[in-house]
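>>> One predicted model, sequence on top.
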Amino acid sequence: MEQEKKVIEHTTSETVKEMDEASETKAMKKIEAALFLSARFLSVEDLIMLTDINPLMLKELLNRLIEKYNSEDSAIEIVIKENMWKMDVGKEYVSMINKLATGNAEFSKTEQETLAVIAYKQPVKQSVIVKIRGNKSYDHIKKFIDVGLVKAKKSGRTKELSLSDDFYEYFHLRDKKLEKVNLEKKEGEGN
């Protein structure tokens, strides 16, 4: 009788452990799917809403995913910014991915052209962009501001537009921006 009780207790504890592991695995897959599909930074609140996982478990599982993806064994990484998370392609694979990214892009061709004009002319008044790109550019500019790629500040009856730091991170241009700033500083010192 005592032996049977020990076997039942052992079996029960093993079963509970297996169920906990299965539950954690399922929760981690939910977080992974949310990060993969979002293509933007997600807060704890966003992830809780999407996955219905409690905050303590969520943070623990995020740390495990970061360990998994931010290793040398993965071309994918989880980027952390201001207590928000995003799944992205590792920097060394960005140029390859950009070559593949044709067709259903995140931004339409006309949106990309509007963003390119803003990037080229920045800081630039919204009214100038509208003259160049037409009335549809109002929608494009609003979208870029909403996703955080463009900053806007009031300038008379229009807005002055410039690229945000998120733009450089989104397009993996952070190092190029710093190189440009350092080059401009050196040129300024030479005068």
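Now that the structure is in, tell me what you want to look at. Being a predicted model, the structure only gives us computed values, none of them experimental. Residues are numbered from 1 along each chain as shown.
>>> State the number of residues packed around residue 157.
Other residues within reach of residue 157, judged by other CB atoms under 10 Å, total 8. Where C-beta positions appear, they are placed from N, C-alpha and C, glycine not excepted.
>>> typo on my end, residue 49
11.
>>> go on, residue 51?
Residue 51 has 21 nearby residues by other CB under 10 Å.
>>> Check residue 108 too.
Neighbours of residue 108 under the rule other CB under 10 Å: 13.
>>> Now do the same contact list for it.
If you count contacts by CB atoms under 8 Å, 6 or more residues apart in numbering, residue 108 has none.
>>> how much space between it and residue 114?
Per CB to CB, to the nearest Å, residue 108 is found 9 Å from residue 114.
>>> Let me know the helix or strand that the closest residue in space to residue 57 that isn't next to it in sequence is in.
Nearest residue to residue 57, sequence neighbours excluded (CB to CB, 6 or more residues apart in numbering): residue 27, at 6.4 Å. Using DSSP states H and E, residue 27 sits within helix 2-38.
>>> Now whichever helix or strand comes after that helix: average pLDDT?
Per DSSP H and E, the first helix or strand lying C-terminal to helix 2-38 is strand 42-43. Taken as a whole, strand 42-43 has an average pLDDT of 91.
>>> List the contacts of strand 42-43.
Strand 42-43 is contacted from outside by 34-35, 50, 83-86, using CB under 8 Å, 6+ apart.
>>> Send me the helix or strand sitting right after it along the chain as PDB with only the CA atoms.
Per DSSP H and E, the first helix or strand lying C-terminal to strand 42-43 is helix 44-51. C-alpha atoms of helix 44-51 as PDB (Å, rounded to 0.1, in the frame of the first residue of the first chain):
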ATOM      1  CA  VAL A  44       4.000  44.300 -21.700                       C
ATOM      2  CA  GLU A  45       0.400  45.500 -21.900                       C
ATOM      3  CA  ASP A  46       0.300  44.700 -25.700                       C
ATOM      4  CA  LEU A  47       1.700  41.200 -25.100                       C
ATOM      5  CA  ILE A  48      -0.700  40.500 -22.200                       C
ATOM      6  CA  MET A  49      -3.600  41.600 -24.300                       C
ATOM      7  CA  LEU A  50      -2.600  39.400 -27.200                       C
ATOM      8  CA  THR A  51      -1.500  36.300 -25.300                       C
END
